[in-house]
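Q: predicted model and sequence below, questions to follow.
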Number of protein chains: 2
Amino acid sequence: MILETAKLNVIPGREAEFESSFQLASNIISSMRGYISHQLQRCLENQSQYILLVNWETLEDHTVGFRGSPEYQEWRKLLHHFYAPSPTVEHYELAHQNRV
Amino acid sequence: MILETAKLNVIPGREAEFESSFQLASNIISSMRGYISHQLQRCLENQSQYILLVNWETLEDHTVGFRGSPEYQEWRKLLHHFYAPSPTVEHYELAHQNRV
């Protein structure tokens, strides 16, 4: 399993609109092959900043499958005009976990 | 529930030692009041970079309770000499979640 992290900076004042578009966009990402789960978290220290965490089965499910799909164009159309600057995306794999 | 994120840059070459110290340190954080769960994830694009994700019941459980505790001094002793530069810590709250 791979964790995608995307640091999202939304244009100040457009947060509510972004969150509402994100609800729609969620249906897109959730239907993709290799998708496991996601969460959108809003920063307490900077209310225009979010982090999107997505679990994928493999790296390629995100970088090739999702990014190369027609659905990704819909996703971009719904979300990317809210961002300035562009998101920073990284991928991680689990080194240690503890869940109660 | 609050998500703490800490971007950790480990001195290159010391990753294995860091991960092994982190196993010990995990017992410390897991025993703190307000702690819910944590995971340490290693970056695929930069193998010396990690992200630590910790779920806390409240912001103060981390910023006051944990950071003000004697246990935090032990945590620092085990981990902080592996970092350069110092970690970047932020806090988030859930805006949207979808789990299968």
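A: Cool, the structure landed.
Q: chain center to the helix or strand bottoming out on mean pLDDT in chain A, what's the gap?
A: Sorted by mean pLDDT, DSSP states H and E, the helices and strands of chain A end with strand A:88-99, the least confident at a mean of 89. A distance of 15 Å separates the centroid of the chain from that of strand A:88-99, by Cα atoms, centre = their mean, to the nearest Å.
Q: now stretch A:38-58
A: Remark: stretch A:38-58 is offset 7 Å from the chain centroid, using Cα atoms, centre = their mean.
Q: next secondary structure after the one helix or strand A:H38 maps to?
A: A:H38 belongs to strand A:35-43 when assigned by DSSP states H and E. Next along the chain after strand A:35-43, taking DSSP H and E as the criterion, comes strand A:49-56.
Q: report whether that next one contacts chain B.
A: Yes: using Cβ under 8 Å from any Cβ of the partner chain, strand A:49-56 reaches chain B at A:Q49, A:Y50, A:I51, A:L53. Yep, even glycine has a C-beta here, placed from its N, CA and C like the rest.
Q: counting by contacts, list what the lengthiest helix in chain A packs against.
A: Looking across chain A with DSSP state H, the single longest helix is helix A:15-30. Packing contacts for helix A:15-30, counted by 3 or more Cβ pairs under 8 Å, 6 or more residues apart in numbering or on different chains; DSSP states H and E, involve strand A:35-43, helix A:70-79, strand B:88-99.
Q: against which helices or strands is the least confident helix or strand of chain A packed?
A: strand A:2-9, helix B:15-30, strand B:35-43, strand B:49-56.
Q: next, count neighbours for A:H96.
A: Residues near A:H96, counting by other Cβ atoms under 10 Å in any protein chain shown, number 16.
Q: what is the neighbour count of the nearest residue to it once chain neighbours are set aside?
A: Leaving aside its chain neighbours, A:H96 sits nearest to B:L40 (4.2 Å; criterion: Cβ to Cβ, 6 or more residues apart in numbering or on different chains). Using other Cβ under 10 Å, B:L40 has 23 neighbouring residues.
Q: in the sheet, who's paired with B:L40?
A: A:H96, B:L52 (DSSP bridges).
Q: A:N98 is in contact with that one, correct?
A: No: between B:L40 and A:N98 there is no contact under Cβ atoms under 8 Å: 9.1 Å.
Q: most neighbours, which of the residues of strand A:49-56 next to chain B?
A: Sorting these by how many neighbours each has (other Cβ under 10 Å) puts A:Y50 first, at 25 neighbours.
Q: tell me the contacts of that residue?
A: By Cβ atoms under 8 Å, 6 or more residues apart in numbering or on different chains, the residues touching A:Y50 are A:K7, A:L8, A:V10, A:F18, A:L40, A:Q41, A:R42, A:C43, B:Y92, B:A95.
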